[in-house]
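Give the three-dimensional model of this entry:
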Amino acid sequence: MLKPDFLQAEDRIRIVAPAGKVVKEKILDGVNLLSQQGFEVITGDHVFNYCFQFAATDQNRLNDLQQALDDPHCKAIICARGGYGAIRLVDRIDLTAFRKHPKWLVGFSDITVLHARLQQEGFCSIHGAMPGFYLKDNQPTESFDKLIETLTGKHSAITVSSHPLNRAGQTSGSLVGGNLSILYSLMGTPLEPKTDGNILFIEDLSEYLYHLDRIMHSLKLAGKLKNLSGLILGGFTEMKDNDSPFGQTAPEIICDAVKDYHYPICFDFPAGHIDRNLPLVFGAKHHLSVDIEMAVLETI
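Alright, predicted model coming up:
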């Protein structure tokens, strides 16, 4: 897949809000931090509007996103937040100008929908932190620092400590995926994940354990887990159970769904709805190595 050009000093970044309502105070310092790195930062006209739970009406959110996609001088589009709403816009996006002047798209959670659209078109994008996660205790987070490194072409390998449920092995393939619930919602659409021969990354937030089990077995029935090159599990945060317990943890549920297959598996990867949300270049070729001591993911 095609990687857009990496950013240099004074390049333009546009901030858009294609999904949930944005609280200005939660992202403004993060947006300002981007400017302090030497980039020209332009915030979409409707980022701080709202329409019920959405950041502005569908049309206004689309207008901001389309303007960013069309801008020939923009080198990266960073989504203000996730939430819900990108799926209401994705089939109305015009990528004609984007194809002539590709740019990085950055975000996670609901932004998985937009990553899927760009992968369908043959472009890489970045699953990474959004402005509300750039600062902690008034200091730039590792998630922010690593995102800037990735945007400027300095992306490095990510090493992860061992996990008792990891499955050892080495593999290579294009990295695809995102938020598991969003991927599940795209099944049966033109944007459903293409997993054969690829390394699949998944993460999720606040799902019931029985629903996680349903998702995993649905993906298995659809053949989406059988021919993976590898599987990477990010944060499965604030998972919920019923009064009558399901009886398995999230990692155990996932292991059970893929027990018939033999590709490498890495748990507790630092990406998702967690403080340490390191950037992943979706669409790019990666090498995954998992052994008893650690797992390493690197672009190739």
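
What residue, apart from its backbone neighbours, is nearest Cys266 spatially?
Ala295 (4.1 Å; Cβ to Cβ, 6 or more residues apart in numbering). (C-beta placed from N, C-alpha, C; glycine too.)

Tell me the secondary structure of the one you found, please.
Three-state assignment for Ala295 (DSSP: H, G, I helix; E, B strand; the rest coil): strand.

got a list of what it touches?
For Ala295, the residues meeting the contact criterion (Cβ atoms under 8 Å, 6 or more residues apart in numbering) are 159-160, 162, 166, 264, 266, 269, 288-289.

Just among these, which is most surrounded?
Cys266 (28 neighbours; other Cβ atoms under 10 Å).

Was I right to think that one contacts Gly234?
No: taking Cβ atoms under 8 Å as the contact criterion, Cys266 and Gly234 are not neighbours in contact, 9.5 Å apart.

residues shared between the contacts of these two?
Among the neighbours of Cys266, none is also in contact with Gly234 (Cβ under 8 Å, 6+ apart).

Mind checking which of the contacts of Ala295 are in strands?
With strands taken from DSSP state E, the overlap with the contacts of Ala295 comprises 159-160, 266, 288-289.

if we take those residues, which one ends up nearest to Gly85?
Using Cβ to Cβ, Cys266 is the member of those that lies nearest Gly85, at 30.7 Å.

Let me know the secondary structure of the residue at the greatest distance from the centre of the chain.
Seen from the C-alpha centroid of the chain, the residue lying at the greatest distance (Cα atoms, centre = their mean) is Ser244, 32.4 Å away. Following three-state DSSP, the label given to Ser244 is coil.

Make 669 the starting number, not 1.
Will do, 669 is the new start, and the previous item becomes Ser912.

that older thread, would you list the ones in strands among the contacts of Ala963 in a markdown table and tack on pLDDT and distance to Leu733?
Listed next are the ones in strands among the contacts of Ala963 as a markdown table, based on pLDDT from 0 to 100; distance: Cβ to Cβ, whole Å:
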| residue | pLDDT | distance to Leu733 |
| --- | --- | --- |
| Thr827 | 97 | 35 |
| Val828 | 97 | 33 |
| Cys934 | 98 | 32 |
| Leu956 | 98 | 32 |
| Ser957 | 98 | 37 |
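
coming back round to it: distance to Asp713 for the contacts of Ala963 - can I get that in JSON lines?
Rendered in JSON lines, the data for these read as follows (distance: Cβ to Cβ, whole Å):
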{"residue": "Thr827", "distance to Asp713": "41"}
{"residue": "Val828", "distance to Asp713": "40"}
{"residue": "Ser830", "distance to Asp713": "48"}
{"residue": "Asn834", "distance to Asp713": "46"}
{"residue": "Pro932", "distance to Asp713": "45"}
{"residue": "Cys934", "distance to Asp713": "41"}
{"residue": "Phe937", "distance to Asp713": "36"}
{"residue": "Leu956", "distance to Asp713": "41"}
{"residue": "Ser957", "distance to Asp713": "45"}
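
count of residues packed around Leu854?
18.

Phi, psi for the closest residue to it other than its chain neighbours please.
Nearest in space to Leu854, with sequence neighbours left out and distances taken as Cβ to Cβ, 6+ apart, is Glu860 at 5.0 Å. Note on Glu860: backbone dihedrals following degrees, to the nearest 10 are phi -60, psi 150.

Mind listing what's buried along stretch 903-922?
Along stretch 903-922, the positions that meet the burial threshold by neighbour count (16 or more other Cβ atoms under 10 Å) are 903-904, 907, 914, 916, 918-919, 921-922.
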